[in-house]
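J.: I would like the atomic coordinates for the input below:
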Amino acid sequence: MRWSTIAVAALATVAQAHPGHHHPSGPPKGPACDWTDFWKLGNQLSKDAEIYLPESTEWTSVSQRWSNVGTPTVNITILPANENDVVEIVKMAQRCDIPFLAYNGVHGAITTLKDMTWGIAINIRKLSSVNIAPNGQTVTIGGGTNSKVVIDTLWAAGKQTVTGTCECVSYMGPALGGGHGWLQGHHGLISDQWTSLRIVLADGSVKTVSPTGPHSDLWWAMRGAGHNFGIVTQVTAKIYPIQHTNWAIQTLMFTGDKVQQLYQTANDVFLPTNGSAQPVDIINWSYWMNVPPVDPTGPVMEFYIIQEGVTAVDPAYVAPFEALGPVASTPNTGTYRDVSAWVGINMDGPPCQKTGAANPRFPVYLERYNVTAQQQVYDAFKAITNSSGPFANSLFLFEGYSMQGVHAQNASGSAFAWREDNLLTAPLITYMPDPANPVLHEQARLAGDQLRQILKGGSGRSELHAYVNYAYGDEQVGDWYGHDSWRLTRLANLKNKYDPEGRFSFYAPAA
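T.: Reported below is the predicted structural model:
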């Protein structure tokens, strides 16, 4: 067990103090516990586990967040080194009535996390492993493993599976909310690949969950609402031989006067009718962002056409967009491992850096682009992100994956509810928090919600479909997990069965 120097000093002092004493930076004592219980816990954890207090010099490296709005208050951070460490931490927290929050990677950005006003952060990044089964058909992945580690390890073995698109996020975080990925057109969501998982529940018990085992009811919930039920220490997932070594991209940049033409063309080429799905080997993405050297008057639109199995994107897809007169049109070729870098979400990309900024998102799923709404939301985004305001570095994300593998799954077979939607969109309102301007967070919320409501209105739906992994935090439960009453009832019943005290209720609580 590794203690930070400050933790050793604080806990050693407290261990000799009267039971009501606790270090000012640490958790208040629970009904039956005080700081001596943390000393005892430390002696129960494995030699490679670590404990840090806010005064520790290592605190930033173990606790820094990607988005700093609506963040939890953490008084102590513990890094378990194995599953039993997780068990011991959860049991102690349960016994002492101390809130806790498990995380890895960039920690999510949902504002419901602010409801943790004190407690323990369980950083599970040491639970990192990728073990391919001897038959080459499955892989067992540790709960703290980074997505890039999974991709690279499998690639070296001639294998791949669906992971998140962003290299710096954990494998497990996106998967608990369903999980979109570059390969989903072939195989479905990240969580659709699972064959079993191990989970530490709120009482500290460890369960193996699978489609047919004794906890098969929980299997349904974990694939889409998994943040609500426990800490996944490992998962076994299907893997596949690498189908295509070559991938290609065409990057086209447009100025704001081409909004309607661009997205009408995207509909015509990729989603010609309601209910259609774009070709399985094609992905379309776009970003809106301010690039003053290209256009000082407003955001530019960077549009990506990504195709697998080729060394250049098929001209039949590229030509209609080049006919619109882009500012630039640039091809590139490589492998699957290059795709995230091409769209700027690799380990070194700006979205993967922890700068102290706030990065709330406001997601809405769509079936197709409504070109009138695209124009309206562009105009609003332009006004919100003007260079003289605090939100000038914001992005607007439009993610158009191939969906065949997602549609092929039983729509009622998991807690992920939005399998029929083709497009994932979200403004990302980026700004630096300013203690001297406390209304900035509310201004960002209003701005993001304004943009989302325009797209929702253009969808023709009265209900919001929101990707829980991008959620802001003020959405309704049905917006995250589906508006069908049977879905919400099933989730509530499972929550009551497996987490009746609501220990896992800080990330998009289901009940």
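J.: which stretches of this protein have low pLDDT?
T.: 1, 3-32 (pLDDT under 70).
J.: and K382, what is it in contact with?
T.: G256, G298, P299 (Cβ atoms under 8 Å, 6 or more residues apart in numbering). Yep, even glycine has a C-beta here, placed from its N, CA and C like the rest.
J.: isn't there a helix covering it?
T.: Yes. Using DSSP: H, G, I helix; E, B strand; the rest coil, the assignment for K382 is a helix.
J.: would you check how far apart it and E442 are?
T.: 21 Å (Cβ to Cβ, to the nearest Å).
J.: related to what we said a few turns ago, now, the contacts of K382 that are in helices?
T.: If you go by DSSP state H, the contacts of K382 have nothing in helices.
J.: put together a markdown table for those, with distance to D97 and neighbour count on each row.
T.: As requested, those are exported to a markdown table (distance: Cβ to Cβ, whole Å; neighbours: other Cβ atoms under 10 Å):
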| residue | distance to D97 | neighbour count |
| --- | --- | --- |
| G256 | 54 | 18 |
| G298 | 52 | 20 |
| P299 | 48 | 25 |
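J.: so which of those sit within strands?
T.: Among these, DSSP state E puts none in strands.
J.: mind putting those into CSV with distance to G70?
T.: Output for the contacts of K382, formatted as CSV (distance: Cβ to Cβ, whole Å):
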residue, distance to G70
G256, 31
G298, 29
P299, 26
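J.: now the helices: where do they sit in the stretch 401-511 of the chain?
T.: Along the stretch 401-511 of the chain, the stretches classed as helices by DSSP state H, counting those that start in this stretch are 404-407, 440-459, 477-481, 485-498.
J.: mean neighbour count, those helices: which tops it?
T.: Among the helices of the stretch 401-511 of the chain, ranked by average contacts under mean count of other Cβ atoms under 10 Å, first place goes to helix 477-481 (a mean of 22).
J.: same for that one, what does it pack against?
T.: helix 216-225, helix 485-498 (3 or more Cβ pairs under 8 Å, 6 or more residues apart in numbering; DSSP states H and E).
J.: how much does the longest one deviate in direction from helix 216-225?
T.: Put plainly, it is helix 485-498. 110 degrees (axes from the mean of the first three to the mean of the last three Cα atoms, to 10 degrees).
J.: give me the contact list for helix 485-498.
T.: Helix 485-498 is contacted by residues 201-202, 217-218, 220-221, 225, 228-230, 415, 417, 477-478, 481-482, 502, 510-511 when judged by Cβ under 8 Å, 6+ apart.
J.: let's see that with 10 Å instead.
T.: For helix 485-498, contacts defined as Cβ atoms under 10 Å, 6 or more residues apart in numbering pick out 199, 201-203, 205, 207, 209, 215, 217-218, 220-222, 224-225, 228-230, 412, 415, 417, 476-478, 480-482, 484, 502, 504-505, 509-511.
J.: from these, which would you call buried?
T.: Among the contacts of helix 485-498, those classed as buried by 16 or more other Cβ atoms under 10 Å are 199, 201-203, 207, 209, 215, 218, 220-222, 224-225, 228-230, 415, 417, 477-478, 480-482, 504-505, 509-511.
J.: with adjacent residues omitted, what lies nearest to H186?
T.: Spatially, and ignoring its direct neighbours in sequence, H186 is nearest to G405 (5.1 Å; Cβ to Cβ, 6 or more residues apart in numbering).
J.: what distance do you get for that neighbour to S196?
T.: Distance from G405 to S196, by Cβ to Cβ: 20 Å.
J.: same question for T165.
T.: Counting by Cβ to Cβ - T165 and S196 are separated by 25 Å.
J.: which of the two has more neighbours?
T.: For T165 versus S196, neighbours defined as other Cβ atoms under 10 Å are more numerous around T165 (22 against 17).
J.: report the separation between the more buried one and A221.
T.: 24 Å.
J.: follow-up on the earlier one: would CSV of the helices of the stretch 401-511 of the chain with distance to S191 be doable?
T.: As requested, these are arranged in CSV below (distance: least, Cβ to Cβ, whole Å):
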stretch, distance to S191
helix 404-407, 11
helix 440-459, 25
helix 477-481, 13
helix 485-498, 15
